[in-house]
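Novice: Just to be clear, the model below is a prediction. Sequence and coordinates:
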Amino acid sequence: MPRPKKPYGDPVRVRLHRGSYRVRYYPTGLITEDRDRKDLPFKYASKEVAEVAAAVLREQLIAHRDVWCMGGIRHQVPLLDAVTRFVEHLREQRDTRMMPDGTASSRLSDANLYLFPPARSKGTTIGDLEETGLARQIIDDIGNSTKANGTPKADNTRKRARASMRLFGKWLVSEGFVASDPFGFLDLDTEDAKATKRTHARVKALESVDDDVYLDDGDGDTGIGLEDVPSLGVVSQLRDAIYAVETQTDAMVVLRSRILAPVDGWMTSQQPMFETATGLRLGETLGAHTTRIDLETLTVGVDRQLDPRAPWLLGSAPRLIPPKHNRRRRAAIWPVFAETLEKMVDIANDRYDGWLFPPTAGQVWRFKARSTEWERAMKHMELCHQQDLEQGVKGEALAALWPWRPHITRATYGSFSLAPESSGGLGWSVKAVQESMGHQSETTTLAIYRHVTSGEREKVRTTMIEWENL
């Protein structure tokens, strides 16, 4: 079997040749073409003796390779070899759980889109990244990238791709292929872009000072507000639909082949309410255990989540991994959910060894099972909605639909927790919501979930204070 061309693999091997053992090696320590290989001028009667000689030679060649090839031959290694090794590194990071699945998938996708195409060009080496401006060209390609329909890719998508290139550049340095990061110019470009943006903003501001009328720039409200997320009433309808379908208490439609017992169906149906009232992500919800729930302080400790790539057999313990960004937190639970949660804790301790949402009816892949549960419930809600329309039901009595993605429950938590009580929210402080949701900073929380509501604007216009001598 031919040796795979990995430049920094084992440069020495023992082979049997005409009844004796020989030691074959690459003189530079760098694995190149087969024609570059040499044999020591000795024959060994046993493989054990030959391995001793091979071990000594191997140590010398690797030491030579690390010194002589640094910035020299290594700089001339085909770019395709380096990119291939980088992809192997990413997969290893993913498989050992050192890199989350989502992050690894993004990095691998970026490598396929932006690194492999130029690397496959004949004669392209690592040195070309800097010497011929290939690194700059790759970044330009990212900036000009478009979707399948021809529209430009989102800014966040391009930003993520540039971050992947920075990771590749740093990996090249750490592996000794290059002395400096060929994508290091991105840091300078970022500072230049910020300076340019500030300059443009100043020019625009100077141009507007002589306008006869005030023109709003239209960026007052961004992010997810109360009007963008489902209310608790709609979430409760999703809960009821899950229970109806999973226990088949509603004969309107049969969408499930294995009917759950009422208590199991009730616990399963509480998932959307639990996620809405705690702000937990899906993996964190499926990994929730009563040992992390404090009913006195109404908080849940988040220090782990269910591994999406591992099965969970009924009656066994699940495989858990750290939460997103490895960020531990204590999430505050909405008081409106306290009574239900207390009942859930009792049932979980009695029936499920403390796990709130264990597998039922052989659902070993909990992420997929949860998705299908919601899909069945959404279909049920559509049928109920259509039935109400046919019967002439209108207004708030009309059965709700669920057009959102499941992750919207976390957005409901953030938006309602931040919104003032006068607008129907809880009026929590930004700091409290930030810590509860596990955001790195309050800026993230505000940018995503805080809107100025119409009620707040009305309060600004009408609120009076007593001011003596005014």
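Specialist: Nice, thanks for sending it over. Everything quoted here is computed from the prediction, not taken from an experiment.

Novice: Distance of the residue most central in space within the chain relative to Arg366?
Specialist: Among the residues of the chain, the one closest to the centroid is Gly102, at 4.0 Å (Cα atoms, centre = their mean). Going from Gly102 to Arg366 by Cβ to Cβ, to the nearest Å gives 17 Å. No exception for glycine: its C-beta is placed from N, CA and C like everyone else's.

Novice: The residue nearest to the centre of the chain belongs to a helix?
Specialist: Yes: under DSSP: H, G, I helix; E, B strand; the rest coil, Gly102 sits within a helix.

Novice: Quick check: nearest residue in space to Leu389, chain neighbours excluded?
Specialist: Nearest residue to Leu389, sequence neighbours excluded (Cβ to Cβ, 6 or more residues apart in numbering): Leu398, at 7.3 Å.

Novice: ok, the one you found - contacts?
Specialist: Leu398 is in contact with His385, Asp388, Leu389, counting by Cβ atoms under 8 Å, 6 or more residues apart in numbering.

Novice: go on, Met165?
Specialist: Contacts of Met165 (Cβ under 8 Å, 6+ apart): Asp110, Tyr114, Leu115, Ala135, Ile138, Ile139, Ile142, Phe183, Leu186.

Novice: One more pass at 7 Å, please.
Specialist: With contact taken as Cβ atoms under 7 Å, 6 or more residues apart in numbering, Met165 is in contact with Tyr114, Ile138, Ile139, Phe183.

Novice: Let's see which of these end up in helices.
Specialist: Mapping the contacts of Met165 onto helices (DSSP state H) picks out Ile138, Ile139.

Novice: Go through the contacts of Met165 and name the one nearest Ala310.
Specialist: Tyr114 (31.3 Å; Cβ to Cβ).

Novice: what about the residue nearest to the closest one when sequence neighbours are not counted, how many neighbours?
Specialist: Setting aside the residues directly before and after it, Tyr114 is nearest to Ile138 in space (Cβ to Cβ, 6+ apart), at 5.4 Å. Ile138 has 22 neighbours, counted by other Cβ atoms under 10 Å.

Novice: again, but for Arg65
Specialist: Neighbour number of Arg65 under other Cβ under 10 Å is 21.

Novice: May I have the predicted confidence score for the closest residue in space to it that isn't next to it in sequence?
Specialist: Excluding its sequence neighbours, the residue lying closest to Arg65 (Cβ to Cβ, 6+ apart) is Gly29, at 3.0 Å. Gly29 is assigned a pLDDT of 80 by the prediction.

Novice: Gly29: neighbour count?
Specialist: 24.

Novice: any idea which element it lies in?
Specialist: Using DSSP states H and E, Gly29 is not contained in any helix or strand.

Novice: Kindly report the same for Tyr21.
Specialist: According to DSSP H and E, Tyr21 maps onto strand 20-25.

Novice: so what are the domain limits for the protein?
Specialist: Split into domains by automatic domain parsing, the chain comes to 12-69, 77-187, 230-449.

Novice: Next, the distance between the ends of the second one.
Specialist: Domain 77-187 has an end-to-end distance of 26 Å (criterion: Cα to Cα, to the nearest Å).

Novice: which regions of the chain sit below the pLDDT cut-off?
Specialist: Within the chain, the segments meeting pLDDT under 70 span 1-6, 64, 66-75, 188-191, 193, 215-223, 251-257, 450-465, 469-470.

Novice: Alright, calling it a day.
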